[in-house]
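A.B. asks: Curious how this folds, go ahead:
(chains A and B)
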2 protein chains.
Amino acid sequence: MIKVSVLYPNSAGARFDMAYYTSKHMPMVQKKVTTCKGISAEGGIAGGTPGSAPTYIAAGHLLFDSVGAFQSGFGPHAEEIMADIPNYTNIQPIIQISEITM
Amino acid sequence: MIKVSVLYPNSAGARFDMAYYTSKHMPMVQKKVTTCKGISAEGGIAGGTPGSAPTYIAAGHLLFDSVGAFQSGFGPHAEEIMADIPNYTNIQPIIQISEITM
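C.D. replies: Below you'll find the predicted structure:
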């Protein structure tokens, strides 16, 4: 199983609408990308030391059987999904593809 | 539910022993930190564009009911857990605490 993580770096002026993200954007992604096996989302609270700012203001994760399953499922809908991003954030996210090992 | 993510940045010369991490380190953490409700781990495959390097070579995630449950469970074992890190990596990890929203 692989995980596609979309990480939204925290910074001054960063805007992120978690309500929109979890109620509109992520359900839309899951509906369109039929090869997706699961989705989750989280909002940053803090870094490793008390009172420190989180590195990421938010993150979303998508599970797939393989990198190929992600590419084939996401590709046809990429343009529409990307076009929705300004509706909840002004941040350029970092994409990380990982293999789940535990 | 909150998630404590330990992110290991990728770089030239980065060393990470996933077998040790998943068979020794993470089980040890789960056994000692009794407030932990779940653990997972992943290894970086790629970034968002084909052939690009992943931002993180590996990551581990710990679930807790609250930030307080993490602090009270982890604190008494922090020294011992940190002392095990050189056994699987030479990387200084980034810690991110997040609230699970979906």
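A.B. asks: make it CA atoms for all contacts and neighbour counts henceforth
C.D. replies: Fine.
A.B. asks: Which strand residues bridge the residue most central in space within chain A?
C.D. replies: The geometric centre of chain A, computed from its C-alpha atoms, lies nearest to A:G60 (C-alpha atoms, centre = their mean), at 2.8 Å. Applying DSSP bridges to A:G60 gives these bridge partners: A:V6, A:A41.
A.B. asks: Would you check that it makes contact with A:G38?
C.D. replies: No. The pair A:G60 and A:G38 does not pass the contact test of C-alpha atoms under 8 Å, sitting 10.8 Å apart.
A.B. asks: Just the terminal-to-terminal distance for stretch A:46-55.
C.D. replies: With C-alpha to C-alpha, to the nearest Å applied, stretch A:46-55 spans 8 Å between its terminal residues.
A.B. asks: Check stretch A:70-88 too.
C.D. replies: 23 Å.
A.B. asks: Give the buried residues for it.
C.D. replies: A:70, A:73-74, A:81, A:85, A:88 (16 or more other C-alpha atoms under 10 Å in any protein chain shown).
A.B. asks: ok, that stretch near chain B or not?
C.D. replies: No. Shown here: stretch A:70-88 not in contact with chain B (C-alpha under 8 Å from any C-alpha of the partner chain), separated by at least 9.9 Å.
A.B. asks: Write out the residues of chain A neighbouring chain B.
C.D. replies: A:22, A:39-48, A:54-56, A:58, A:94-102.
A.B. asks: for whichever strand or helix holds A:F70, what is the average pLDDT?
C.D. replies: For A:F70, the element it lies in under DSSP states H and E is helix A:67-74. For helix A:67-74, the mean pLDDT works out to 96.
A.B. asks: quick one: that helix to chain centroid distance?
C.D. replies: Distance, stretch centre to chain centre, for helix A:67-74: 15 Å (C-alpha atoms, centre = their mean, to the nearest Å).
A.B. asks: next structured bit after it?
C.D. replies: Toward the C-terminal end, the helix or strand that comes next after helix A:67-74 (DSSP H and E) is helix A:78-83.
A.B. asks: can you list the residues that contact that following helix?
C.D. replies: Here helix A:78-83 makes contact (C-alpha atoms under 8 Å, 6 or more residues apart in numbering or on different chains) with A:25, A:29.
A.B. asks: Got the confidence number for the residue at the greatest distance from the centre of chain A?
C.D. replies: If you look at how far each residue of chain A sits from its centre, by C-alpha atoms, centre = their mean, the farthest one is A:P50, at 25.4 Å. Looking at A:P50, its pLDDT stands at 77.
A.B. asks: Now name the helix or strand holding it.
C.D. replies: Going by DSSP H and E, A:P50 is not in any helix or strand.
A.B. asks: and it, what does it touch?
C.D. replies: A:P50 makes no contacts at all, as judged by C-alpha under 8 Å, 6+ apart.
A.B. asks: Cool, thanks, talk later.
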